[in-house]
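In: structure here, sequence nowhere to be found:
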């Protein structure tokens with residue numbers, strides 16, 4: 001049995017989950033197969049520094065595990081909130097180093113795209129990046145076809161995909177794009193990233209030994225941080 005702690009802190013949602021490769025079934029909203037349990041709290045206060053380790057301790061205890069039972073820890077690598085990324089990644093690096101277990105990094109936008117359970121072929125995951133900018137990636141049938149990048153939203157953004165059929169837009173940047181283009185033909189899902197959709201990706205990467213160097217890993221900020 002592989003037991004993996006999954007940590008998601010790239011948005012206002014402070015979220016942790018336990019993934020286990022012997023947990024099968026589709027018992028939740030996003031059809032995740034390998035999730036034992038999840039704890040999360042979404043508030044505008046960004047109190048991840050206060051809640052993250054409490055959530056980790058709680059989820060382990062209520063499932064009768066300790067940190068010594070963990071085979072790996074997975075973290076949402078970004079893009080996303082600069083502060084949230086720093087808290088999540090530094091916490092996971094510290095735990096992996098202390099426990100001498102592998103660290104798994106997972107694309108935030110790939111994880112976010114898995115919240116789309118509709119039958120649309122194209123999913124565009126987008127995270128709010130202030131003003132009319134988003135961090136976005138495009139997926140078709142679960143495969144990445146446009147890598148994460150910073151996009152200034154305009155009326156003609158993603159037109160090739162919008163013109164080819166119904167698109168699912170998902171994430172924290174969706175509302176401003178929906179308001180801008182005003183096209184009712186598409187599906188708009190306003191949602192935060194969650195550790196729940198990290199679970200299956202984490203199990204898959206663990207089986208392939210797809211891990212990162214704990215000492216040298218850095219979050220995927222995508223853009224340089226600017227205060228203000």
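Out: Good, I have the coordinates. All values derive from a computational prediction rather than experimental measurement.
In: when you work out contacts or count neighbours from here on, use the C-alpha atoms and nothing else.
Out: Noted.
In: who touches the longest strand seen in the chain?
Out: Longest strand of the chain, by residue count under DSSP state E: strand 143-152. By Cα atoms under 8 Å, 6 or more residues apart in numbering, the residues outside strand 143-152 that reach it are 109, 110, 132, 133, 134, 135, 136, 137, 138, 139, 222, 223.
In: most neighbours among the residues you listed, please name it.
Out: Neighbour tally across those (other Cα atoms under 10 Å): the maximum, 28 neighbours, falls on residue 109.
In: and it, what element?
Out: helix 108-113 (DSSP states H and E).
In: what does that helix rub up against?
Out: Contacts of helix 108-113 (Cα under 8 Å, 6+ apart): 10, 76-80, 123-127, 136-137, 139, 144, 148, 170-171, 192-194, 197-198, 201.
In: one step back: need the contacts of strand 143-152 in TSV (columns: secondary structure).
Out: As requested, the contacts of strand 143-152 are exported to TSV (DSSP: H, G, I helix; E, B strand; the rest coil):
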residue	secondary structure
109	helix
110	helix
132	coil
133	strand
134	strand
135	strand
136	strand
137	strand
138	strand
139	strand
222	coil
223	coil
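In: any chance of these in a markdown table, plus pLDDT?
Out: A markdown table is the format used below for the contacts of strand 143-152 (pLDDT from 0 to 100):
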| residue | pLDDT |
| --- | --- |
| 109 | 98 |
| 110 | 98 |
| 132 | 94 |
| 133 | 96 |
| 134 | 97 |
| 135 | 97 |
| 136 | 98 |
| 137 | 98 |
| 138 | 98 |
| 139 | 98 |
| 222 | 84 |
| 223 | 73 |
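In: wait, which of those is closest to residue 93?
Out: residue 222 (19.7 Å; Cα to Cα).
In: wait, the closest one sits on residue 81?
Out: No. Counting by Cα atoms under 8 Å, residue 222 stays clear of residue 81, with 10.6 Å between them.
In: quick one, strands of the protein?
Out: 3-8, 13-20, 35-42, 72-76, 103-106, 122-128, 133-140, 143-152, 167-171, 187-190.
In: can you tell me, leaving aside adjacent residues, what's nearest to residue 219?
Out: Leaving aside its chain neighbours, residue 219 sits nearest to residue 77 (5.2 Å; criterion: Cα to Cα, 6 or more residues apart in numbering).
In: the residue of the chain positioned farthest from its centre and residue 185, how far apart?
Out: Most distant residue from the mean C-alpha position of the chain: residue 163, 27.6 Å away (Cα atoms, centre = their mean). Separation of residue 163 from residue 185 (Cα to Cα, to the nearest Å) stands at 10 Å.
In: go on, residue 7?
Out: Taken as Cα to Cα, the span from residue 7 to residue 185 is 34 Å.
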